[in-house]
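Q: Could you look at this predicted model? Sequence included:
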Amino acid sequence: MPEEIVAKHGLQAIQRVFKQAKAQKRAAFIPYYPVGYPDYETSVEVLAALAEAGADIIEVGVPFSDPLADGPTIQAATQIALQQGTTPRMCIKAIETIRQRNIQTPVMLMGYANPFMAYGYKHLTSDAQHVGIDGLVIPDMPADEVDTLQTLVEAADLGFVHFVAPTSSSERIRLSAEKARGYIYLVSVTGVTGERQTIATELRQYIASIRLVTQKPIAVGFGISTAEQAAEVGAIADGVIVGSALVKSAEKGVQAVYQLAKSLRDALNAS
Amino acid sequence: MTIQQSSPKTLNLPDERGYYGAFGGRYVPETIIPALEEIEQTYYTLKDDPNFQEELMHLHHTYTGRPTPVTYARRLSVYLGGAQIYLKREDLAHTGAHKINNALGQALMTRHMGKKRVIAETGAGQHGVATATACALLGIECVIYMGRVDMERQKPNVFRMRLLGAEVRGVDSGSQTLKDAINEAMRDWVTNVRTTHYLLGSALGPHPFPMIVRDFQSIIGIEARQQMLEQVGKLPDMIVACVGGGSNSIGIFHAFRDDAHVQLIGVEAGGNGIESGKHAARFADPHIARMGILHGTKSYVMQDEAGQIMETHSISAGLDYPSIGPEHAYLRDTGRAEYTYATDQEALEALQLLAQLEGIIAALESAHAVAEVIKRAPTMPKDAAILINLSGRGDKDLNTIISALEGEEGLHA
């Protein structure tokens, strides 16, 4: 059984997603959702709904007490998740649960460095491999601090997303691009996660400058909340990441998340 | 003393990646890495710029009130009956604490970088007041983030900051204390990084902050070293300082780092006692304080099994923080410095004793260092010298002290 999963999940699964999306001339849809909000069971249902709505990759959030890269929406949601006793172990369990339901959408485990360090990097990568997690995203671990974790991730053949920001120098873009496994996460605006009215117009320029140094897929996140914005970003990027807007929609229930996710995914089909 | 003699020199730390042995680094979102690189570049340039150093020293002499004196605590020494006790009087620096040393230095740096806006976090309010002061002096816009709980227990400082023209933003997330104020300041910085300098107030956070704060605070030890030689004719045998994030302690330790016979003692906040679990003694409780990553640096962090940061307790807001500057972690692991703790109760008693014997009302933070000396001095010979870094004065703590002593007989005895 584990061998089967290993073959199905990991870096190659992520690469396959971008290849398929490209063949369909569209950007990949990458929703984010934290485990434990508003409670564990509901969050598992949300993950299943996101897959059903056509997510290409799901970034599954691991709640942390001090989420300094997150805006008010995700802060509030993960705070509630923590009050419910959500742990990294439960986040991994949630992914195991959807895999058992035969949902094979690639999943990135996204969280801050400290809970992963406390879990133990070795345990993390081996449990990820065993459960069928495809990769890791750690916003407070820049490419020059990935040290031992990068080695373990490579050994487990997992993906590992590194970040590029509008403020990054070409030297730093090169560093992140070189180490990134699966895709590069481009922060579309300076700031924390959250919805915004307009997508920075310089986005086209940033993407062009990243493409100069790498052929790896570029997914854009931070600030995308509507179908129009998703379509706009999807026209120039390889992937579109949406977090806060989906988390906010969860206030109205799983079906509302599904509806929004579906509209975001459909918006990428056009053109 | 053999451990100290064999310890490596700290002269060249941090390394180029911002590490002190296994501790330190830059664990922050990619967005602010370029800003950290810019700060690092600016700092290295200004460090060797005689004009900058002269400007800073001029301000220290004519504005901060430096050098601050070293006071011989005669009655306290006699009362304790052992070592002779000296106080490095950072409480006499402008704004009432050592925090101004770093605030002025970084505010000058801000001007050199051409940034017009400064943000800062504050716990006890001392760093906030120092930052607001430096910004008023240099004409820089200033926003201070402060946890709602800290705003309540340090009301006079909130008013001071506003009087100085700063905007104080209350932070309602998490435990509403220093760590949450840092989170919020970081979020502001990530958003406004192009126009804003984050004037971090303690020897922690991502590289290069622990180094910059240490260097700007090292004036404490540089002065004290010379003053001890002039006034006492020798270096102290022991230096004692309180440790929250660790800026006053690293500031006084640094000049003595290679004087292997000078014992360096850091005193953490023991709160209600280690066994109560309500404290901020990162080195005293291996069950909950382990190697971790918080606010951009790898160090000892108080956390639960799942890696969630724990809420800490101390009567002094300035020591109430779940992690500790990375260089302290290094000094501790190499054995160069020793770390212990004092409880809330011990600090309160020390504060009263110092007030009654020396006429000095210390900050609750600094009283932790005094409390340790009350334990140690009697066991030491009379020709031994202890130097306490009296990092701040206690005016800001009067409300806290009054409510802590109410119902006790101590105050009126």
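A: Okay, I see it.

Q: Phi, psi for the one residue in the stretch 301-413 of chain B that gets nearest to chain A please.
A: The minimum distance from the stretch 301-413 of chain B to chain A, using Cβ to the nearest Cβ, falls at residue B:307 (2.9 Å). No exception for glycine: its C-beta is placed from N, CA and C like everyone else's. Torsion angles at residue B:307 (phi, psi; degrees, to the nearest 10) stand at phi 90, psi 10.

Q: how close does it sit to residue A:116?
A: In this view, residue B:307 and residue A:116 are 7 Å apart by Cβ to Cβ, to the nearest Å.

Q: shared neighbours of the two, which are they?
A: Common contact partners of residue B:307 and residue A:116 (Cβ atoms under 8 Å, 6 or more residues apart in numbering or on different chains): residue A:88.

Q: In a helix, residue B:118, correct?
A: No: assessed with DSSP: H, G, I helix; E, B strand; the rest coil, residue B:118 is strand; it does not lie in a helix.

Q: Run a quick neighbour tally on it.
A: By the measure other Cβ atoms under 10 Å in any protein chain shown, the count of residues near residue B:118 is 25.

Q: Kindly state the beta-bridge partners for it.
A: Beta-bridge partners for residue B:118, by DSSP bridges, are residue B:142, residue B:197.

Q: Point me to the helix or strand that includes residue A:18.
A: helix A:11-23 (DSSP states H and E).

Q: Summarise which helices and strands that helix is packed against.
A: The contact analysis (3 or more Cβ pairs under 8 Å, 6 or more residues apart in numbering or on different chains; DSSP states H and E) places helix A:11-23 against strand A:28-34.

Q: Against chain B - does the strand it packs on have any residue that ends up touching it?
A: No: using Cβ under 8 Å from any Cβ of the partner chain, strand A:28-34 never reaches chain B; the gap is at least 13.8 Å.

Q: after that strand comes which helix or strand?
A: Next along the chain after strand A:28-34, taking DSSP H and E as the criterion, comes helix A:40-52.

Q: So which other helices or strands are in contact with that following helix?
A: Packing contacts for helix A:40-52, counted by 3+ Cβ pairs under 8 Å, 6+ apart, involve strand A:28-34, strand A:58-61, helix A:88-100, helix A:254-269.

Q: Which other helices and strands does the last one contact?
A: Here helix A:254-269 is seen to pack against strand A:28-34, helix A:40-52, helix A:227-234, strand A:239-242, helix A:244-249 when contacts are counted using 3+ Cβ pairs under 8 Å, 6+ apart.

Q: what would those look like in a markdown table with mean neighbour count and distance to residue B:43?
A: Formatted as a markdown table, the helices and strands packed on helix A:254-269 follow (neighbours: other Cβ atoms under 10 Å in any protein chain shown; distance: least, Cβ to Cβ, whole Å):
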| stretch | mean neighbour count | distance to residue B:43 |
| --- | --- | --- |
| strand A:28-34 | 28 | 36 |
| helix A:40-52 | 21 | 44 |
| helix A:227-234 | 21 | 37 |
| strand A:239-242 | 29 | 35 |
| helix A:244-249 | 22 | 35 |
